[in-house]
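J.: no sequence for this one, just the structure:
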């Protein structure tokens, strides 16, 4: 039996993840997931790829604010912008989308911590960024996530990788939303349609991994693993793969312990 064993949200893109017992899926994906983002003065995304220590920024959402915290910094409460707040164009990879700049206090706080001029922006409820239609023909809404609303990974996949490493790594290196058990190593690669708590999902694209996986999520320090080892057995189409990008086809809650039902999978020859 395949079950959900962990759930994670990442309110600030590139910031510290939060492990939760329950997530609520809204139009963008897990509620509060990657709705806030750091950008440079030109409006382009800033992530751990540029500043590894971004992983040390905690971002805790409540009904009307985001509370930022980081080592050596006093917490800052950033009000959530109201509906209809003015937007500016920002860039998330090749996408341009309207986002709300949340002001100078937040910009000063994050700039001082990162040591570079940056701004903090919010993805409003009516933002119209879409998934890549080459992989998701519907073109589903997505917030500031790299490309898709959710990432699914299995405990067995991590265990297989760790058996090849000199020093085992935690799952937080891969920043998934849903972690599952009860599947063979990398069995999630083949998932094309699955359900959790009655909510249908499509597995649309394997996740090509970047240097963020080599960044210690506690310290921000970077090394060579796991990309070096993954390149020896997980290289596909010019990248190294870990986890499945997924798109939800309905909204509602998912909880730790929920059963995952695989409806269609390439591994069974039914896709």
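T.: Everything's here; your move. Remember, it's a predicted structure, so these values are computed and weren't measured experimentally.
J.: which residues in the stretch 101-250 of the chain form helices?
T.: For the stretch 101-250 of the chain, the helices defined by DSSP state H, counting those that start in this stretch occupy 104-114, 155-162, 227-230.
J.: need these in CSV with distance to residue 265 and mean neighbour count, can you?
T.: Bear in mind the C-beta positions are built from the backbone N, C-alpha and C, glycine included. Formatted as CSV, the helices of the stretch 101-250 of the chain follow (distance: least, Cβ to Cβ, whole Å; neighbours: other Cβ atoms under 10 Å):
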stretch, distance to residue 265, mean neighbour count
helix 104-114, 42, 18
helix 155-162, 15, 18
helix 227-230, 22, 16
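J.: where does this structure have its least confident helix or strand?
T.: Confidence across the helices and strands of the chain bottoms out at strand 235-236, with a mean of 94, counting by mean pLDDT, DSSP states H and E.
J.: off-centre distance for that strand?
T.: Centroid displacement of strand 235-236 relative to its chain, using Cα atoms, centre = their mean, to the nearest Å, is 21 Å.
J.: cool, and stretch 77-86?
T.: Averaging C-alpha positions (Cα atoms, centre = their mean) puts stretch 77-86 22 Å from its chain's average.
J.: so who does residue 221 touch?
T.: Residue 221 makes contacts with 52, 215, as judged by Cβ atoms under 8 Å, 6 or more residues apart in numbering.
J.: can you redo the helices of the stretch 101-250 of the chain as a markdown table with mean pLDDT?
T.: Output for those, formatted as a markdown table (pLDDT from 0 to 100):
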| stretch | mean pLDDT |
| --- | --- |
| helix 104-114 | 98 |
| helix 155-162 | 98 |
| helix 227-230 | 98 |
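J.: looking at these, which is closest to residue 17?
T.: helix 155-162 (15.0 Å; Cβ to Cβ).
J.: what is that closest one packed up against?
T.: If you count contacts as 3 or more Cβ pairs under 8 Å, 6 or more residues apart in numbering; DSSP states H and E, helix 155-162 packs onto strand 178-181, strand 239-248.
J.: so which of those strands gets nearest residue 46?
T.: Closest of those to residue 46 is strand 239-248, at 21.7 Å (criterion: Cβ to Cβ).
J.: got the angle between the closest one and helix 155-162?
T.: Using axes from the mean of the first three to the mean of the last three Cα atoms, to 10 degrees, the direction of strand 239-248 lies 170 degrees away from that of helix 155-162.
J.: average pLDDT for strand 239-248?
T.: Strand 239-248 carries an average pLDDT of 98.
J.: quick one: residue 156 and residue 181 touch, right?
T.: Yes. The pair residue 156 and residue 181 qualifies as a contact (Cβ atoms under 8 Å) at a distance of 7.1 Å.
J.: surely residue 21 and residue 258 touch.
T.: No. At 10.7 Å, residue 21 does not count as touching residue 258 under the criterion of Cβ under 8 Å.
J.: the more surrounded of these two?
T.: residue 258 (21 against 9; other Cβ atoms under 10 Å).
J.: check contacts around that one.
T.: 3, 4, 196, 197.
J.: on the strand side of things, show who residue 2 bridges to.
T.: residue 260 (DSSP bridges).
J.: domains of this protein?
T.: Domains of the chain are assigned by automatic domain parsing as 2-29+131-268, 35-122.
J.: re the thing from before, closest one to residue 191 among the helices of the stretch 101-250 of the chain?
T.: The closest of the helices of the stretch 101-250 of the chain to residue 191 is helix 155-162. By Cβ to Cβ, the value is 12.1 Å.
J.: now tell me what touches the closest one from outside.
T.: Here helix 155-162 makes contact (Cβ under 8 Å, 6+ apart) with 5, 168-169, 171, 174, 179-181, 183-188, 226, 229-230, 242-243.
J.: quick check on those residues: which are buried?
T.: With burial judged by 16 or more other Cβ atoms under 10 Å, the buried subset of these is 5, 169, 171, 174, 179-180, 183, 186-188, 226, 229-230, 242-243.
J.: tell me which of those is nearest to residue 118?
T.: Of the buried ones among the contacts of helix 155-162, the one sitting nearest to residue 118 (Cβ to Cβ) turns out to be residue 174, at 24.9 Å.
J.: sorry, back to before: for the helices and strands packed on helix 155-162, give me CSV that also has distance to residue 88.
T.: Formatted as CSV, the helices and strands packed on helix 155-162 follow (distance: least, Cβ to Cβ, whole Å):
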stretch, distance to residue 88
strand 178-181, 32
strand 239-248, 27
